[in-house]
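Q: prediction below, plus the sequence it came from.
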Amino acid sequence: MEETFSNLATYGYIGLFLYSLGGGFVALIGAGVLSFMGKMDLTLSISIAFISNALGDVLLFYMARYQKSMMMDGLRKHRRKLALSHVLMKRYGSWIILFQKFVYGIKTLIPIAIGLTKYDFKKFALLNVGSSAVWALVFGFGSYYSGAVLVKLAETIVDKPWIAPLILVVFVSLLWLYMEKATKKKRGK
């Protein structure tokens, strides 16, 4: 077990950076818990996740803005989700940049959807940096201060391994139902 923690401390920051590029909060939660356990540095973890998350969304925006044909080829199967992103953008305006950081399923589509519009890059970059900071601080400090509870939960899952797949199935099912409902075609009268 000590070897695992040693590897996480060695390679954890690299993994955190790569995972946070796509907006992954699970790695930041893990880093927060490991910081609680004294195996990683909380300030460094939050900083890495913040920089990586901000960079990832700016890259998605840039790719959508200047490499539209390549992006659209990859998004053919996700047209409805992209349309949902446009609707959310119109409904919530610039607040969607912050909101998308916390919602699994749309976090990569919103920067792409915004990049496909004429939204000002400087405004997006500024709001994205602020949103990334809020996201990193909320999940970093939240997981650090919830470390005891999360460690106890992990120990329970180790003792009863059937709980993890059950939680995963419930989470994925709820997410799938939401996305199906949100992207379902409306039938005319």
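A: That came through fine.

Q: now name the helix or strand holding the residue lying closest to residue 128 once chain neighbours are set aside.
A: Leaving out its chain neighbours, the residue that sits closest to residue 128 by Cβ to Cβ, 6 or more residues apart in numbering is residue 57, at 5.0 Å. Every C-beta, even on glycine, is put in place using the N, C-alpha and C of the backbone. Per DSSP states H and E, residue 57 falls inside helix 42-66.

Q: so which residue is smack in the middle of the chain?
A: Centroid-nearest residue in the chain, with Cα atoms, centre = their mean: residue 23, separated by 2.9 Å.

Q: does it touch residue 101 like I think?
A: Yes: if you go by Cβ atoms under 8 Å, residue 23 and residue 101 touch, sitting 6.6 Å apart.

Q: can you pull the residues that touch both of those two?
A: 53, 107 (Cβ atoms under 8 Å, 6 or more residues apart in numbering).

Q: follow-up on the earlier one: distance from the helix holding residue 57 to the middle of the chain?
A: Here the centre of helix 42-66 is set off from its chain's centre by 10 Å, with Cα atoms, centre = their mean, to the nearest Å.

Q: in it, what counts as buried?
A: Neighbour counts over helix 42-66 (16 or more other Cβ atoms under 10 Å) mark 42, 45-46, 48-58, 60-61, 63-65 as buried.

Q: and if you look at stretch 140-155?
A: Result for stretch 140-155 [16+ other Cβ under 10 Å]: buried residues 140, 143-144, 147, 150.

Q: save these as CSV, and put in secondary structure, distance to residue 134 and pLDDT too.
A: Below are the buried residues of stretch 140-155 laid out as CSV (DSSP: H, G, I helix; E, B strand; the rest coil; distance: Cβ to Cβ, whole Å; pLDDT from 0 to 100):
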residue, secondary structure, distance to residue 134, pLDDT
140, helix, 11, 93
143, helix, 15, 92
144, helix, 16, 93
147, helix, 20, 86
150, helix, 21, 84
